[in-house]
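**Q** got a predicted structure here, sequence first:
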Amino acid sequence: MSRPAGRLLLTARNTGTAPCDLGLVGVVTFAGGVEATVPGGIGGGPNVLMPGQANHEAVTLVRGGAPGSGATASALTVALDGGATVTVRTTSFVHAPSSGLWRSTEADALRQ
């Protein structure tokens with residue numbers, strides 16, 4: 001699947017042997033301390049992944065009309081519910097980034 005320009009697609013897969021709660025949104029922070037905003041008004045129950053199951057979250061890198069000039073980040077960290085974090089090396093220009101919710105398909109994640 002092709003992704004729109006200016007967006008990253010994150011994939012979280014349960015590689016363990018027991019179900020795990022991924023949470024509704026991964027909190028994304030880029031190197032340099034730039035945190036992606038998360039959707040407001042979210043709520044609901046757990047987002048449980050069974051072994052082998054994956055969810056996807058889209059991150060919009062640049063928000064048009066935002067103040068400032070942005071910067072190039074060399075990595076991003078995703079904080080998951082439960083306290084686990086994952087750091088990924090990337091070279092991405094970010095300016096007022098925002099995250100979507102975890103979705104079961106790539107297409108649904110990119111439509112947000």
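**A** Received it, and whenever you're ready, just let me know what you need.
**Q** beta partners for the residue lying closest to Phe30 once chain neighbours are set aside?
**A** Of all residues not flanking Phe30 in the chain, Ala73 sits nearest, at 3.7 Å (C-beta to C-beta, 6 or more residues apart in numbering). Every C-beta, even on glycine, is put in place using the N, C-alpha and C of the backbone. With beta bridges defined as DSSP bridges, Ala73 has these partners: Ser92.
**Q** wait, what's in contact with Ala73?
**A** 30-32, 34, 90-94 (C-beta atoms under 8 Å, 6 or more residues apart in numbering).
**Q** distance of Met72 relative to Ser92?
**A** No Met there; residue 72 is Thr. Remark: distance between Thr72 and Ser92 (C-beta to C-beta, to the nearest Å) = 7 Å.
**Q** more neighbours, the two?
**A** Ser92 (18 against 12; other C-beta atoms under 10 Å).
**Q** surely the more buried one and Gly70 touch.
**A** No: at 10.1 Å, Ser92 does not count as touching Gly70 under the criterion of C-beta atoms under 8 Å.
**Q** give me the helix or strand of this structure that scores worst on average pLDDT.
**A** Ranking every helix and strand in the chain by mean pLDDT, DSSP states H and E puts strand 20-21 at the bottom, with a mean of 88.
**Q** right, I'll call it a day here.
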